[in-house]
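Asks: just a sequence and a predicted model for now, questions to come.
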Amino acid sequence: MRPLLPLLLLSVALPFQAQAQSQILPICPDGEVIELDGQFTCKQKDSLMLLIADFEAAELEGDIYRRGQEGDRDALKQLPDISPDAAAAANEKTTGFLARHAALSKQPMTDADRLNHTLLGFVLTQRQRLAPFDVARVPFTNDSGFFNELGFIVRRTDFDTTADYEAYAARLTRLPRYFAQAKENMRRGISTNFTASTEILPGIQEMIDAMAETSASGHPLFAPFKTFPDSIAAEDQTRLRALGKAALESTAIPAYRDLSKFMREEYTPAARKTAGLGDSEEEREYYRALTRYFTTLDMGPDEVHALGLSEVTRIRGEMDAVIAEVEFEGSFAEFLEFLRTDPQFYAKSRKELLMHASYIAKKLDGKMPEFFATLPRLSYGVIPVPREIEKSYTTGRYFSGNPDRGQAGNYVVNTYNLPNRPLYNLPALTAHEGVPGHHMQIAIGQELKGLPKFRKSLYPNAFGEGWGLYAEKLAAEMGAYTTPYERFGQLSYEMWRACRLVVDTGLHWKGWTREQAEACFLENSALAPHNIKTEVQRYISWPGQALAYKVGELKILELRAKTETALGTDFDIRRFHDAVLSGGGLPLDILEAQIDRFIFEERRRLNQVEVQAVRDSERKAIDTTDADASANVQQTSGK
């Protein structure tokens with residue numbers, strides 16, 4: 001490949017006849033003409049728009065599930081490629097995109113483009129931050145991973161035609177290859193001493209065994225074949241059921257049996273015996289990288305640990321005040337025991353728990369316009385955690401919807417083990433997962449106009465989970481907590497997140513045991529013992545993620561206080577919340593810059609309003625004076 005300029009100079013010197021025989025040069029207004037393999041072609045100059053387009057195309061190419069959801073029929077038959085070669089190719093693309101991103105950094109841009117450029121750099125840098133650690137070696141957390149992700153995908157897949165069911169049956173037959181790749185990644189972890197902890201493996205084994213021992217017709221992955229739209233003929237329904245059953249019996253269930261044997265006989269005996277990451281230099285560097293990854297700030301593990309201890313002390317004081325308010329006679333520990341055991345605080349059925357959650361959700365819905373100027377069009381529902389995963393699953397979670405595909409979001413409530421699901425925690429949980437929490441924040445991001453696609457799904461953990469925790473505190477202003485016990489429940493949830501800072505760093509940086517980790521929750525919160533056990537398993541299996549919540553919440557509260565101080569009585573909570581959410585997900589340092597800009601623009605707007613009010617007042621005074629003068633003239637004339 002060579003540039004055209006010398007060729008152009010040469011062509012000027014050629015006789016007319018020779019020039020006539022040469023190629024017609026392409027028109028290239030936004031690039032340069034080059035010769036490639038004897039042909040002239042246009043090489044387009046790189047730009048931010050082109051980089052984003054290429055990045056988003058690569059994202060789609062690498063996401064087999066999304067391609068299927070967006071109409072790629074062949075993709076609906078496939079499962080992801082999680083081989084080392086695929087990971088290396090993805091890392092190579094990231095490196096190439098980063099080089100292009102850096103080359104564009106000095107180009108002049110509008111403010112909007114500069115923010116797009118900055119956020120794309122954040123996404124790419126985050127990926128590069130963890131790439132050296134080969135995280136595919138541990139492809140699961142305590143409640144989910146490669147072995148059950150297809151169950152979640154099925155719930156997001158449309159089944160409208162015979163081709164949809166046939167594609168899904170074909171996808172089921174790909175499970176042996178998919179599991180084989182996961183096992184090879186895990187074997188690489190065994191050989192390099194980078195594995196999951198034995199603390200979480202009994203729950204993983206139980207979930208895999210259930211999928212391996214269930215009959216085809218009762219298997220969770222058979223669910224799509226149990227219902228069909230009326231548009232599919234009865235004979236086709238019979239054929240498709242048989243097809244699904246055959247796919248499960250011949251390939252999927254045997255793949256689960258093989259995986260079950262691998263986990264029991266090969267992986268578990270070789271897994272690490274400590275709860276947290278070890279003390280090798282690789283593991284220490286890995287956790288430092290995770291701390292920066294999940295907080296989106298330049299914080300170290302020791303700094304996070306100290307912040308957590310400080311928050312535990314502060315929140316404990318507020319909890320003591322509530323205990324005094326209800327005039328409880330006894331110690332803090334005795335009050336926690338009262339909350340954990342008194343039947344008045346617990347639902348008697350799964351349905352009752354869901355009804356309470358639904359009522360609280362609708363009550364919060366009704367308060368939203370008072371606190372937000374912009375509301376999402378997408379609705380959300382309240383559903384239980386699927387039975388096949390509920391035992392090891394967290395208390396609640398939000399499943400995002402898809403406005404383009406007509407899919408609502410869902411606030412998912414765990415209805416397993418009711419004596420461990422206290423009602424006094426439910427308002428805080430609902431505010432976090434539904435509105436004003438995750439549904440509000442994620443749906444708003446999905447519906448933003450004029451943004452690149454990658455920004456609509458951007459979810460920096462500290463921003464997303466920080467907003468969810470901020471929403472729990474905001475819910476107090478919205479009237480969600482109607483009793484002292486519900487206010488104690490909110491404080492208990494806040495203590496839960498403060499303890500996360502202490503526990504996550506304790507486990508993975510300071511060498512804590514599982515029992516030490518559980519003690520922070522047992523001694524300082526009203527969380528039920530089962531929930532505490534499940535949550536600590538989550539932190540053991542997902543290093544760093546638990547740091548996002550409190551760090552993000554504290555930053556949002558800090559920015560709100562800063563805005564209130566700057567604007568005084570002109571502070572508008574609705575406009576502030578719009579400013580936080582209107583850019584989609586943001587790293588915390590960029591969020592702070594955006595709020596600083598919001599304060600500046602609000603002051604300018606308010607000043608303009610004040611100036612206009614003065615002008616209107618002066619104009620009114622002049623009009624009044626003119627009117628009085630006119631009236632006097634008329635009176636004099638009349639006399």
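Replies: Done, it's in.

Asks: every contact and neighbour count from this point should use C-alpha atoms.
Replies: OK.

Asks: tell me how many other residues crowd residue 548.
Replies: Residue neighbour count, defined by other Cα atoms under 10 Å, stands at 26 for residue 548.

Asks: touching, it and residue 468? I think so.
Replies: No - the pair residue 548 / residue 468 is not scored as a contact, 10.5 Å apart, by Cα atoms under 8 Å.

Asks: how close does residue 52 sit to residue 307?
Replies: Distance check for residue 52 against residue 307: by Cα to Cα, to the nearest Å, it reads 37 Å.

Asks: neighbour count: those two, which is higher?
Replies: residue 52 (19 against 16).

Asks: distance check, the more buried one against residue 229.
Replies: Between residue 52 and residue 229 the distance, using Cα to Cα, works out to 39 Å.

Asks: repeat for residue 498
Replies: Noted for residue 498: a distance of 48 Å to residue 229, by Cα to Cα.

Asks: the more surrounded of these two?
Replies: Remark: of residue 498 and residue 229, residue 498 carries more neighbours, 28 against 11, as counted by other Cα under 10 Å.

Asks: for that one, which non-adjacent residue is closest in space?
Replies: Spatial nearest neighbour of residue 498, excluding adjacent residues (Cα to Cα, 6 or more residues apart in numbering): residue 308 at 5.1 Å.

Asks: which SS class is the one you found?
Replies: Secondary structure of residue 308, reduced to three states by DSSP: H, G, I helix; E, B strand; the rest coil: helix.

Asks: what about it, neighbour count?
Replies: Residue 308: 25 surrounding residues under other Cα under 10 Å.

Asks: also residue 453?
Replies: Neighbour count for residue 453, taken as other Cα under 10 Å: 14.

Asks: pretty sure it sits against residue 55.
Replies: No - between residue 453 and residue 55 no contact is recorded; they are 10.3 Å apart, counting by Cα under 8 Å.

Asks: residues contacting residue 143?
Replies: Residue 143 makes contact with 203-204, 389, 392-394, 538, according to Cα atoms under 8 Å, 6 or more residues apart in numbering.

Asks: the closest residue to residue 193 other than its chain neighbours bridge partners, please.
Replies: In space, residue 193 comes closest to residue 272 once its chain neighbours are excluded; the distance is 7.6 Å by Cα to Cα, 6+ apart. Bridge pairing for residue 272 (DSSP bridges) gives the partners residue 197.

Asks: what about residue 272, neighbour count?
Replies: For residue 272, the tally of surrounding residues (other Cα under 10 Å) stands at 19.

Asks: report the contact partners of it.
Replies: Residues in contact with residue 272, defined by Cα under 8 Å, 6+ apart, are 193-198.

Asks: please name the nearest non-neighbouring residue to the residue most central in space within the chain.
Replies: To find the centre residue of the chain, average its C-alpha atoms and take the closest one (Cα atoms, centre = their mean): that gives residue 459, at 4.4 Å. Using Cα to Cα, 6+ apart and skipping the chain neighbours, the partner closest in space to residue 459 is residue 585 (5.2 Å).

Asks: using the three-state scheme, assign the one you found.
Replies: For residue 585, the secondary structure call by three-state DSSP comes out as coil.

Asks: quick check: pLDDT value at it.
Replies: Each residue has a pLDDT score; the one for residue 585 is 97.

Asks: distance of it from residue 456?
Replies: 8 Å.

Asks: and residue 470, by the same measure?
Replies: Using Cα to Cα, we find residue 470 at a distance of 21 Å from residue 456.
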